[in-house]
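**Q** got a predicted model here, sequence first, then my questions.
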Amino acid sequence: MMRRLLLVMVMLAGASTMTRAQATERKADLVYRNGFVYTVDAQDSVQQALDVRAGRIVHVGSNAGAKAYIGKRTRVVDLQGRMLMPGLVDAHMHPQSGGSRLLNCSLDYRRLTVSQFQARIQACLDRDRHASPERPLLVVNWFQQGMQPDGVGTSAVTLDVLKTRRPVIVRSSFGHSVQLNTRAVALAGIERGTPDPVGGKIVRDARGTATGLLEDAAQDLAMRLLPPLTAKENLAASSKALAAMRRQGITSFLDAWTDPETLTAFAALQRQGRLTARAHFAVLIDLDKGATPQGAVADLLGQQQQFDAGETRAAPSMQVRHAKLFMDGVIAAPAFTGAMLEPYLVNVGSDDHPDWQPGSNKGPPSYFAPAALISTLTELARAGIDPHIHADGDRAVRDSLDAIAAVRGSEEGRQMRPALAHAEIVAPADYPRFAALGVTPVLSFQWAKPAPDTVGALKDYLGPARYAAVEPQAVLADAGARIAYGSDWPVDPLDIPFALKVAVTRTAAADAGPEYAGRLTAQPGMTRAAVLRAATLDAAWTLRQERTTGSLETGKFADLIVLDRKLLSIPEEDIARVRVLQTVVGGKVVYETAAMRAKTPRKTRNRHSRRAVQSGNRAVACTAGC
C-alpha cells in the first residue's frame with residue numbers, strides 16, 4: 001500500500017513539473033494588446049492582440065486570449081488603439097545605390113533652375129576643394145525632368161562654367177541618364193565617330209557633337225571613370241540603407257540589380273548580426289557583351305552558391321533567387337528610351353502654337369530579342385530562378401508577356417514567378433494577360449501623380465489617349481493582377497507613406513504647386529486595403545516567402561510594425577503623414593521611437609529590448625547626421 005502511495009505521489013509531482021514546464025514554454029517574449037491589429041489575412045481581419053515567441057507569432061486574437069502568454073519575462077506593449085500591421089515588403093529597390101548616394105554630392109531630387117543646378121554643384125566642389133583634379137565628382141539625385149522652366153535642357157557647356165578642372169558626372173535620379181562636363185566627355189573617350197552602344201544613346205547636337213548627355217547603356221562610358229567603392233564604403237552604404245529601411249518599416253526587400261560587391265557587404269552584415277531586414281537579390285542577366293543565356297545563368301548560380309543563406313529562418317538572412325533583365329529604358333522625356341508600340345509625338349508647330357504629331361521614334365528595340373528572351377527565361381526556369389524584368393513602355397511589356405507565355409508551356413515555366421517592374425504604360429489588350437499568365441506588376445506607387453515627370457515629361461509626347469492610361473495601378477488590379485509595391489529607391493526619396501497616399505488618391509503633395517493640383521488622369525486610385533496588401537503579402541509572394549511573412553497569422557515570422565495612427569480610417573491626405581513607431585523582424589525590435597519605448601514598463605524594456613533598440617536608433621540617426 002505504501003509503495004503504491006509513493007508511486008502516485010511521484011507521478012503527481014512529475015505531472016506538476018510538466019505542467020509548469022509547459023506553462024513556461026507557452027509564455028511569449030513579446031505581447032501586444034489593446035491594438036488595432038490589421039492582419040492582412042484572407043479576410044483582412046482586425047484583432048486586439050498578438051503574441052510572439054522565439055521569433056514567430058503564436059497568437060493573434062483577443063486581449064483575453066493573449067493573457068495566457070504573459071509571463072514574468074514577457075515584454076507587454078499596450079498599443080492604446082494604435083495600428084499594428086505586417087512589416088512592409090519592398091519588392092523593387094536599389095539599397096546599395098541608395099546608401100552610397102548618402103556619401104555623394106546630392107541635388108536632393110529638387111526642381112532646379114540651371115543657375116541653381118550649377119550653384120549646388122559648385123558648392124560641392126568648394127567643400128571638396130582639396131580633391132585631386134583627376135578625381136571625378138559624382139553628383140546624384142538630379143531630378144532631370146523637374147528642371148525649371150519646364151523643358152530646359154542641359155549639356156556639357158552647363159557644367160563647363162563651374163570653377164574646377166575635375167571631371168563632373170551628374171546622375172539622373174531615374175538612373176537612366178548622366179550629364180558630363182567636357183573634361184569627363186574626353187576622359188570617357190567619346191568622339192564624333194563614337195558609335196552608340198547597344199541599348200544606349202550618346203545624345204548629340206545638330207552638328208553631331210556629343211552634348212555630354214548619355215542614356216541607358218551609354219552611361220557605362222562615364223561610370224567606369226569612377227573608382228570602385230572600397231569594401232569599407234560598401235559596408236557603410238549597406239548599413240545606411242538598412243537604417244533607412246528600419247525607420248520606414250521595411251522588413252523584407254529585393255535589391256533589383258545587385259553585384260558581387262553589394263552581396264559581399266550584406267553577407268558581412270549578416271555574419272555580424274547586423275542584417276535587419278530579409279534581403280533578396282536579383283543578379284543582372286546581360287547578353288550585350290557576348291554572354292549566352294546558359295553562361296549568364298551559370299554565373300548567377302555561382303553567386304547564389306556563394307551568398308544564398310538557404311532556408312528562411314526567424315533571423316533575417318540573404319537569398320539570391322532572382323534575375324534582373326532590362327527590356328527598355330524610360331518613357332519620360334527627354335530620354336524616350338521606353339519601347340513603345342506607337343511613336344512618341346513631336347511638336348511640328350511652335351512653342352506658342354504647338355502641333356503634336358507622331359514622329360519616327362518608337363524608342364529602341366527591346367533590349368532582348370524575342371528568341372533570346374525566351375531562351376533566357378527557359379534557362380532561368382530550369383534553374384529555379386524567378387525573372388524580374390524592367391519593362392516601362394507598352395511594347396516592352398507586350399514583348400515580355402509574349403515570352404513568358406511561350407515559357408509557361410513547360411513544367412519549369414509553370415512554376416516560375418515572373419515580375420514586370422514599372423509597366424508605366426500598358427496596352428489595354430494586355431491588362432488581363434497579367435492575371436492569365438501569373439505575372440506580377442511591381443509598381444512604384446508614388447509615380448501616379450501630376451508632376452514634372454508625368455505632366456511635363458509624358459503628356460504632350462504621348463497624346464491624350466495614351467496619357468490617360470499611364471500608371472495603370474488600379475486598372476491592372478481590377479483586371480485581376482496581383483500588384484506588388486516597389487519603391488525604386490533611390491530613384492525617388494524613400495518615403496513609403498507618401499507612396500501609399502498617392503496610390504489611393506493619385507494626387508501630388510499639397511506643396512507641389514498649383515500646376516500639379518488635382519488627380520493624375522481619370523483613372524481610379526487603389527483601395528487602402530489593396531495598397532497595404534501590395535506592400536505586404538503580395539510583395540512577399542514575389543519573393544516566395546508568403547507562407548512565412550506578409551501577414552500576421554499564427555506560425556508566421558513576427559515581422560511587424562506599429563504605426564502612430566490608423567492608416568485605414570484617417571483622411572486620405574494624412575496617409576502621407578503616418579510614421580512608424582516600431583519595426584520588428586523575426587521577433588526582434590530593430591527600430592523604436594522614444595514614444596514607443598515609453599509604453600513598456602522599465603524592467604521589461606531593459607531586459608528584452610534596450611540593446612537592439614539603441615543600436616537601431618543610432619543607425620537611423622546616422623542617415624541624417626553622418
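**A** Nice, thanks for sending it over. Numbering: from 1, shown residues only.
**Q** what segments of the stretch 51-200 of the chain are strands?
**A** With strands called from DSSP state E, counting those that start in this stretch, the stretch 51-200 of the chain shows them at 56-61, 75-78, 83-86, 88-93, 105-106, 137-142, 168-172, 177-180, 200-204.
**Q** could you say which of those is packed most deeply?
**A** Using mean count of other Cβ atoms under 10 Å, the stretch among the strands of the stretch 51-200 of the chain with the largest mean neighbour count is strand 88-93, at a mean of 28. The way it works is simple: take the backbone N, C-alpha and C, and place the C-beta from them, glycine included.
**Q** who's in contact with that one?
**A** Applying Cβ atoms under 8 Å, 6 or more residues apart in numbering, the contact partners of strand 88-93 are 245, 248-256, 388, 419, 421, 442, 444, 484-489, 494, 496, 535-536, 539-540, 542-543, 549-550, 561.
**Q** taking the residues you listed one by one, which sit in helices?
**A** Secondary structure assignment (DSSP state H) places 245, 248, 496, 539-540, 542 from the contacts of strand 88-93 within helices.
**Q** picking up where we left off before, Glu379: which of the strands of the stretch 51-200 of the chain is closest?
**A** Ranking the strands of the stretch 51-200 of the chain by distance to Glu379, with Cβ to Cβ as the measure, places strand 88-93 first at 22.4 Å.
**Q** tell me the spacing between the residue lying closest to Gln304 once chain neighbours are set aside and Gln294.
**A** The spatial neighbour of Gln304 that comes closest, neighbours along the chain excluded (Cβ to Cβ, 6 or more residues apart in numbering), is Val320 at 4.2 Å. Distance of Val320 to Gln294, computed by Cβ to Cβ, to the nearest Å: 18 Å.
**Q** again, but for Gln148
**A** As judged by Cβ to Cβ, Gln148 and Gln294 stand 49 Å apart.
**Q** what's the answer for Gln144, then?
**A** Looking at Gln144 against Gln294, where the rule is Cβ to Cβ, the gap reads 38 Å.
**Q** quick one, which of these two is more surrounded?
**A** Between Gln144 and Gln294, counted using other Cβ atoms under 10 Å, the more crowded position is Gln144 (26 against 14).
**Q** look up how far Leu162 lies from the residue nearest to that one when sequence neighbours are not counted.
**A** The spatial neighbour of Gln144 that comes closest, neighbours along the chain excluded (Cβ to Cβ, 6+ apart), is Ser172 at 4.3 Å. With the distance defined as Cβ to Cβ, Ser172 ends up 18 Å from Leu162.
**Q** and if you look at Ala381?
**A** Between Ala381 and Leu162 the distance is 50 Å, computed by Cβ to Cβ.
**Q** need the contact list for the closest residue to Glu412 other than its chain neighbours.
**A** On the basis of Cβ to Cβ, 6+ apart, the spatially nearest residue to Glu412 that is not a chain neighbour turns out to be Ala381, at 3.9 Å. Residues in contact with Ala381 (Cβ under 8 Å, 6+ apart) are 407, 410, 412-413, 415-416.
**Q** can you do 6 Å?
**A** Contacts for Ala381 (Cβ atoms under 6 Å, 6 or more residues apart in numbering) come out as 407, 412-413, 416.
**Q** is it in a helix, a strand, or coil?
**A** For Ala381, the reduced secondary structure class is helix; criterion used: DSSP: H, G, I helix; E, B strand; the rest coil.
**Q** gap between it and Pro370?
**A** Distance, Ala381 to Pro370, by Cβ to Cβ: 16 Å.
**Q** for Gly189, same thing?
**A** Computed with Cβ to Cβ, the distance linking Gly189 and Pro370 is 33 Å.
**Q** Arg533 sits in which helix or strand?
**A** Assigning secondary structure by DSSP states H and E places Arg533 in helix 528-534.
**Q** show residues contacting that helix.
**A** When contacts are taken as Cβ under 6 Å, 6+ apart, the neighbours of helix 528-534 outside the stretch itself are 40, 44, 477, 483-485, 500, 503-504, 568.
**Q** many thanks, I have nothing further to ask.
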